[in-house]
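Trainee: I need the structure of the sequence given here:
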Amino acid sequence: MSSSDIETVGPSPLKLLGTMGLGGLGMTAGMAMLSVGLFGLNWLRSSGWMFVAVVAAVAGCAFLAALLGRRPRVEIGPDGFVVRPLFGGKTRRWSAIDGDFVEIKVGFGRGVGYRLTRAFKESAGIKPTTLFAGNDEAISGAFAVPIGRLVELLNQAKVRAAGATTDRT
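Mentor: Sure thing, here's the model as predicted:
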């Protein structure tokens, strides 16, 4: 599979900034409130602010890591797809996907849900979950295309791969 056979859906820097900015602010505010609850306002003013600043810096570094690593992204190829969140990645072959990709609610946002074949779940030791509206796994993130478009791209690539398989037989 050459790199020209792969379609990449990368991150949207503005969506990423919004998502990680809100997450970082929420995490920083939560740590500040926890610090006040545990140690009091005077501790937060005297030395706890450094703790809160470190939490904010970590959130900022995560944003930079995502931006520089062009993550999250989905790489769609003739054999399957690879999901690359901020850390790690997950590869799925088209033969492991049972049915169509669908748009679902994931947390506060939208994502792509999909079911895995029974044989794949058994061989990979994947346990059933109720998190993804009847789907086994989901793809979510701050992508440069709307989630509905990502659903279309994945379904189209899966259909093309099925057609290519029947052409070879």
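Trainee: every contact and neighbour count from this point should use C-alpha atoms.
Mentor: OK.
Trainee: strands along this structure, start to end?
Mentor: With DSSP state E, the ranges of strands along the chain come out as 7-9, 73-76, 80-84, 90-93, 97-106, 109-116, 137-139.
Trainee: strand partners (parallel or antiparallel) of the third one?
Mentor: Right, the one you point to is strand 80-84. In the sheet, strand 80-84 lines up against strand 73-76 (antiparallel), strand 90-93 (antiparallel) (DSSP bridges).
Trainee: that older thread, ok, which of the strands of the chain comes nearest Val58?
Mentor: For the strands of the chain, proximity to Val58 was assessed by CA to CA; strand 80-84 is nearest, at 20.2 Å.
Trainee: buried stuff in the closest one?
Mentor: In terms of neighbour count (16 or more other CA atoms under 10 Å), strand 80-84 has its buried residues at 80-84.
Trainee: can I get it in PDB? Just the C-alpha atoms.
Mentor: The C-alpha coordinates for strand 80-84 follow below in PDB (Å, rounded to 0.1, in the frame of the first residue of the first chain):
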ATOM      1  CA  GLY A  80      -8.400  -0.600   6.700                       C
ATOM      2  CA  PHE A  81      -7.900   2.400   8.800                       C
ATOM      3  CA  VAL A  82      -5.600   3.700  11.600                       C
ATOM      4  CA  VAL A  83      -6.900   6.000  14.300                       C
ATOM      5  CA  ARG A  84      -4.100   8.100  15.900                       C
END
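Trainee: no further questions, thank you.
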